[in-house]
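Q: The amino acid sequence is not available; the structure is as follows:
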């Protein structure tokens, strides 16, 4: 059998007794400190290291925004405020969370289709940037801004005619509910000349979770070309271009992590050759999972050990109601295991088990036929890559189980 600890992400290790260490402390100790399982544990130093390494690799003048939807845990947001240049939100709830964490309103952009009038009014009150998703939304924003006696800073989100090749979730290249189709953008840009709108530039998001640096560079080149082609129709200079994100993380054994130096070098080359229309444009990357996914671990306790038709099941007190993505039910076509280990004991694998949750559905599988040391009732299992799209991307209220605990480890 394979070595179970080959699945340990960088930044995690074991003590001499075989216990998983998180931020230098045994996982069981963190659970005792928190009071119970299941527990989401986020390591601040890993977040800082990831951002510092990316900053060092990016060309000067490229801003970095955090997409709050990846993980809106309040202490994590407070940690992020001084580390990034802005937050990107997609609801009034996220806007309130961003402001509550201390991010100034003018450093927040508000994207997403279906904004209600009260959400537009809220971003107006905070001085946040409106990411315009449609001609109808623009018309409502203009009316609300006039009524409030305010001028709203705005980006036009353009649905690009291309996609990010190899991305886990495609956001362009076809009919989408997000943004304005590129061919329809000139008419919307003309309407953005209204005095109630302070036109800033464009937002283009072609896809997410890509691990191919060449594909990322190609999408960024196409984004620059698209923005330059639309610039003559804009009501003012393109001061800001949100290039989207797309930088992926290695969830599965065959995945190879991105090299920030390659991403930065490609982007530096593109910006050195940028079209004249974008010569003075500030560039921003909008990243979520890339900044936080690998800094999180989900700890659950084994409450039962059973066999069915010769297959071993380790039943935990966690499940898909906290970790929908890891169960394979969050846009995954072929289910594959996230990295998972026994956090209470190390050693060679001696058995193969499926690790399941406590819900009454066959969909509730955290790992399928994974090699582990002999695992006992009471042991902790650690599911990695849990820093993004965990708790708030999962059906927490399903079956009425209590919510998981969350905490930062090491601060």
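A: Sure thing, it's come through. Small disclaimer: the values here were computed from a predicted structure and weren't measured.

Q: Could you use CA atoms for every contact and neighbour count after this?
A: Fine.

Q: which regions of the stretch 151-300 of the chain lie under the pLDDT threshold?
A: Applying pLDDT under 70 to the stretch 151-300 of the chain picks out residues 163-177.

Q: check contacts around residue 314.
A: 302-306, 353-356, 375 (Cα atoms under 8 Å, 6 or more residues apart in numbering).

Q: can you do 6 Å?
A: Applying Cα atoms under 6 Å, 6 or more residues apart in numbering, one finds that residue 314 lies in contact with 305, 355.

Q: what is it paired to in the beta sheet?
A: Beta-bridge partners for residue 314, by DSSP bridges, are residue 305, residue 355.

Q: where's it relative to residue 227, distance?
A: According to Cα to Cα, to the nearest Å, residue 314 and residue 227 sit 52 Å apart.

Q: In the lengthiest helix in the chain, which of the residues would be classed as buried?
A: As assigned by DSSP state H, the longest helix anywhere in the chain is helix 213-230. Across helix 213-230, burial judged by 16 or more other Cα atoms under 10 Å covers 213, 215-228, 230.

Q: Residues contacting the very next helix or strand once past it, please?
A: Going down the chain from helix 213-230, the next helix or strand is strand 240-242, by DSSP states H and E. With contact meaning Cα under 6 Å, 6+ apart, strand 240-242 is reached by 200-203, 281-284.

Q: So which bits of whatever helix or strand comes next after strand 240-242 are buried?
A: Using DSSP H and E, the next helix or strand after strand 240-242 towards the C-terminus is helix 260-272. Buried residues in helix 260-272, counting neighbours by 16+ other Cα under 10 Å, are found at 260, 263-264, 266-268, 270-271.

Q: Looking at the residues you listed, which two lie furthest apart in space?
A: With Cα to Cα as the measure, no two of the buried residues of helix 260-272 lie farther apart than 260 and 271, at 16.3 Å.

Q: Tell me the one of the buried residues of helix 213-230 nearest residue 251?
A: When these are compared against residue 251 (criterion: Cα to Cα), the nearest one is residue 213, at 16.6 Å.

Q: Could you report the separation of that closest one from residue 287?
A: From residue 213 to residue 287 the distance is 15 Å (Cα to Cα).

Q: Need the residues that contact stretch 27-46.
A: With Cα under 6 Å, 6+ apart as the criterion, stretch 27-46 contacts 20-21, 295-300, 318, 404-409.

Q: sorry, back to before: go through the buried residues of helix 213-230 and say which is closest to residue 183.
A: Checking those one by one against residue 183 (Cα to Cα), the nearest turns out to be residue 230, at 9.4 Å.

Q: does the residue nearest to that closest one when sequence neighbours are not counted sit in a helix, a strand or a coil?
A: Nearest residue to residue 230, sequence neighbours excluded (Cα to Cα, 6 or more residues apart in numbering): residue 186, at 6.9 Å. Following DSSP: H, G, I helix; E, B strand; the rest coil, residue 186 is assigned to helix.

Q: quick one: residue 186 and residue 233 touch, right?
A: Yes: with contact defined as Cα atoms under 6 Å, residue 186 reaches residue 233; the gap is 5.5 Å.

Q: between the two, who's got more neighbours?
A: Legend: neighbour count by other Cα atoms under 10 Å for residue 186 and residue 233, higher for residue 186 (18 against 15).

Q: Please report how far that one lies from residue 276.
A: 19 Å.

Q: Mind checking which of the contacts of stretch 27-46 are in strands?
A: 20-21, 296-300, 405-408 (DSSP state E).

Q: now those as TSV including distance to residue 99?
A: Below are the ones in strands among the contacts of stretch 27-46 laid out as TSV (distance: Cα to Cα, whole Å):
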residue	distance to residue 99
20	35
21	33
296	23
297	26
298	27
299	30
300	32
405	23
406	20
407	20
408	20
